[in-house]
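Enquirer: okay, predicted coordinates and the sequence, questions at the end:
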Amino acid sequence: MAVHSLEIHVIADSSGETAARLARAARVQFPGKRFAIVRHARVRNSEQLLRVFDALNESADPMVGQAGRVIFFTLVNAQMRGMMHRYCKDKDIPCADLMGDALTALGEVAGISADEVPMRPVGVEADYFDRISAMEFAVRNDDGVMPDSLRECDICLVGASRSGKTPLSIYLGYAGYKTVNVPIVPGIEPPQQLRQIDRWRIVGLTIDAERLLKIRTRRLKSLGGFGNRDGYSDLAKIYDELDEVSAVQRSLGCPIIDTTGLALEEAAARVIEIVEERAHRVGAHLRRPAGSMKITP
């Protein structure tokens, strides 16, 4: 029997955001299918869980029953997790216990059982204040507005306007790295401070010219602008500009990442990997945010 819709039901004793984020990450691996995420949050006791079961039964498609559904759950209480497993087995619903395996693994290494207290605050992580500081640093130093701050950065991104420097620097800040981005503008010499920092901290960004044209044209329209003033959105001049930017990047001796079609997370991972590797070559190291750990093979 054909399945009319596909649903990921998230059942959690808190907000359900952890399971929902994993559900969103997992469903993109099935580009030919569309999954709707249905959240059942703050299910803190057995009575509330039974009401969720009733709701699932009542909302099931009468033509296909529970087919086309999967359940992700994050419940810290072992009894409730057991109820979930039994329900899913009885209804033949695929399920993923996202909290149970984690608690079991941590309990084995800790030598004690988990407290199983729902809604317990996660608290402030070790890297929280580092990340906030790094994000503020990235915002203050967007587009190289404070060249004197270059000496304080962990990572420096250089590239043409609209090549992805700002979102990437903010994301790296979220990861805890103080990141500054410096635009390379045709006919304008980069700030002298750029040539005074460690070369291994600098990573160049580039982007496909036609993609850059689309981004800049959209940007001009959003600002109410028209035409190609100064060649900002003229394809031929963009090619010339990217050549000039590339020449500056080569003079800085920095590796170059092409951001065309590259996910922000992947671009950030590449930047960190490149900077760490280059630092290692010269006997230096990239400062690692508090609470993070470098795992070596």
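Expert: Received the coordinates, thanks.
Enquirer: when you work out contacts or count neighbours from here on, use the C-alpha atoms and nothing else.
Expert: OK.
Enquirer: distance check, the residue nearest to the spatial centre of the chain against residue 216.
Expert: When C-alpha atoms, centre = their mean is applied to the chain, the residue found nearest the centroid is residue 265 (4.7 Å). For residue 265, the distance to residue 216 equals 22 Å [C-alpha to C-alpha, to the nearest Å].
Enquirer: ok so, going back, show the pLDDT at the residue nearest to the centre of the chain.
Expert: Looking at residue 265, its pLDDT is 87.
Enquirer: could you find the closest non-adjacent residue to it?
Expert: Counting by C-alpha to C-alpha, 6 or more residues apart in numbering, residue 171 is the residue found nearest to residue 265 once chain neighbours are left out, at 7.9 Å.
Enquirer: who touches the one you found in this structure?
Expert: Contact partners of residue 171, counting by C-alpha atoms under 8 Å, 6 or more residues apart in numbering, are 135, 264, 265, 268.
Enquirer: ok, of these, which come out buried?
Expert: By the neighbour-count criterion of 16 or more other C-alpha atoms under 10 Å, the contacts of residue 171 include these buried positions: 135, 264, 268.
Enquirer: test my guess that the first one contacts residue 167.
Expert: No: Residue 135 is beyond contact range of residue 167, at 10.9 Å (criterion: C-alpha atoms under 8 Å).
Enquirer: what about the strands in this structure?
Expert: All strands of the chain, identified by DSSP state E, fall at 6-12, 35-40, 69-74, 95-97, 155-159, 179-183, 202-206, 256-258.
Enquirer: what lies in contact with stretch 268-283?
Expert: Residues from elsewhere that reach stretch 268-283 (C-alpha under 8 Å, 6+ apart): 155, 168, 171, 172, 200, 201, 202, 203, 255, 257, 285, 286.
Enquirer: could you single out the nearest of the residues you listed to residue 191?
Expert: residue 202 (13.6 Å; C-alpha to C-alpha).
Enquirer: for the closest one, list the residues it contacts.
Expert: Applying C-alpha under 8 Å, 6+ apart to residue 202 gives the contacts 155, 156, 157, 158, 252, 254, 255, 275.
Enquirer: just the closest of those residues to residue 110, please.
Expert: The closest of those to residue 110 turns out to be residue 275 (C-alpha to C-alpha; 34.8 Å).
Enquirer: what about the closest one, how many neighbours?
Expert: Per other C-alpha atoms under 10 Å, the neighbour tally for residue 275 reads 23.
Enquirer: now do it against residue 287, distance only.
Expert: 10 Å.
Enquirer: and of the buried ones among the contacts of residue 171, the nearest to residue 39?
Expert: Using C-alpha to C-alpha, the buried ones among the contacts of residue 171 come closest to residue 39 at residue 264, 26.5 Å.
Enquirer: thinking the closest one is in contact with residue 168, fair?
Expert: Yes: using C-alpha under 8 Å, residue 264 is in contact with residue 168, at 6.4 Å.
Enquirer: so where is the stretch 101-250 of the chain shaky, pLDDT-wise?
Expert: Residues of the stretch 101-250 of the chain meeting the criterion pLDDT under 70: 121-126, 224-233.
Enquirer: let me see the ranges of the helices in it.
Expert: Secondary structure of the stretch 101-250 of the chain (DSSP state H, counting those that start in this stretch): helices located at 128-140, 165-174, 209-222, 235-252.
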